[in-house]
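Novice: give me a model of this one.
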Amino acid sequence: MTVPIPHPEHGAEEWCPAGMELYERALREGRVESADAERAPCLVQFGLLRPAPAEPERLEPVPPALALHRLLRPAEDRIAGERRREALLAETFEPLMRIGGRRTENAADTPTLRLLSGGERINQAITEAMQEAHRELLSVQPHTVRGGGRGAETRALARRRDQALLDRGGRMRTLYQHTLRHSPDILAYHQQLTGDHQVRSLDEVTDRLLVIDAAVAFLPANADGSLALEVRHPALLAYFTTTFDRLWQLATPMYPQAVRKPTVDGVTPRQRAIAALLVEGHTDAVIAERLGMNVRTARVHIAKLAAGLGSDSRAQLGYLIARSGLLDQEEETAR
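Specialist: Numbering: from 1, shown residues only. Modelled structure (predicted):
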């Protein structure tokens, strides 16, 4: 009497030779006898064979794609559970790590990049960084009033932390989009601050940026501002500071002493900025978005430029602007 060889115990990721051979035969032939599966019970155990509906004494193969999906599902659930566990642990330890970070002078222990989610969390991180600041805040604020345009409460929070820095002897330099230089909200904001703070404006500025004491920077990480990046990498901070300084030198003073760019040959500074973008071939919508104005206002300025230069078409207007020396006059004025 032949004693059957016992089937070795193994997981779904390890195929026994008998199981592999029988499953391949079942796929080719469409079904196998139930008795044949006795030497490879793993196929039924792992859901690779199932009873044929009309012939219970026979087994039919489960399609490989379906079988694989079913076998992977527990692993996917386990991975998802581990990720949730990691997120909960990170959330629990994050405030503790900040406390520990204040007690160590080892910069290597401080993350150089950190993603912040949600307006409340972002404002909390900025407030904590501002509480430790004592030298300088560099700020770029495009298309918005101070505090991100999120309401009076957020602006009040920004005003309190800005004033606290000024009270400690620090200074502030802020860049706004040129279209905001007459905003009552912005003027009122800065008039309520006391201390060393200056404001300038540019036709075009970068996205929102805060650089605090050249030690930490905050910038948006998505389009709607619900995510922000906290940066503490020295090379990136040096880059942000240098970029700000260069933009600052190109900007027009706005507060406390406002300076008005001159009109040259009847062409306003706003129209010269539009002319520069027209020469580059941008559409009305792009020009308006980059200069912080609505499309209708941009088109009014474009029409005045066209009338002044005697242009009959958009293509001709770009050519006439380049030929007129209008942009060269702007460079001479800047010097």
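Novice: buried stuff in the helix or strand hosting Arg160?
Specialist: Using DSSP states H and E, the secondary-structure element containing Arg160 is helix 152-167. For helix 152-167, burial by neighbour count (16 or more other Cβ atoms under 10 Å) applies to Thr154, Arg155, Leu157, Ala158, Arg159, Arg161, Asp162, Gln163, Leu165, Leu166. C-betas here are computed from N, CA, C, even on glycine.
Novice: do stretch 287-307 as well
Specialist: Neighbour-count burial for stretch 287-307, with 16+ other Cβ under 10 Å as criterion, is recorded at Ile287, Ala288, Arg290, Leu291, Gly292, Met293, Ala298, His301, Ile302, Lys304, Leu305, Ala306.
Novice: what is the nearest of those to Asp312?
Specialist: Each of the buried residues of stretch 287-307 was scored against Asp312 by Cβ to Cβ, and Ala306 proved nearest at 8.0 Å.
Novice: check the secondary structure at Gln257 for me.
Specialist: In terms of secondary structure, Gln257 is coil; the call rests on DSSP: H, G, I helix; E, B strand; the rest coil.
Novice: I'd like to know how far it sits from Arg181.
Specialist: 13 Å (Cβ to Cβ, to the nearest Å).
Novice: between those two, tell me which one has more neighbours.
Specialist: The residue with more neighbours, out of Gln257 and Arg181, is Arg181; 19 against 8, by other Cβ atoms under 10 Å.
Novice: which phi and psi does the more buried one have?
Specialist: phi -70, psi -20 (degrees, to the nearest 10).
Novice: I figured it was touching Ser201, is that so?
Specialist: Yes - using Cβ atoms under 8 Å as the test, Arg181 is close enough to Ser201 to be in contact (4.6 Å).
Novice: shared neighbours of these two, anything?
Specialist: Taking Cβ atoms under 8 Å, 6 or more residues apart in numbering as the contact rule, Arg181 and Ser201 both touch Thr252, Met254.
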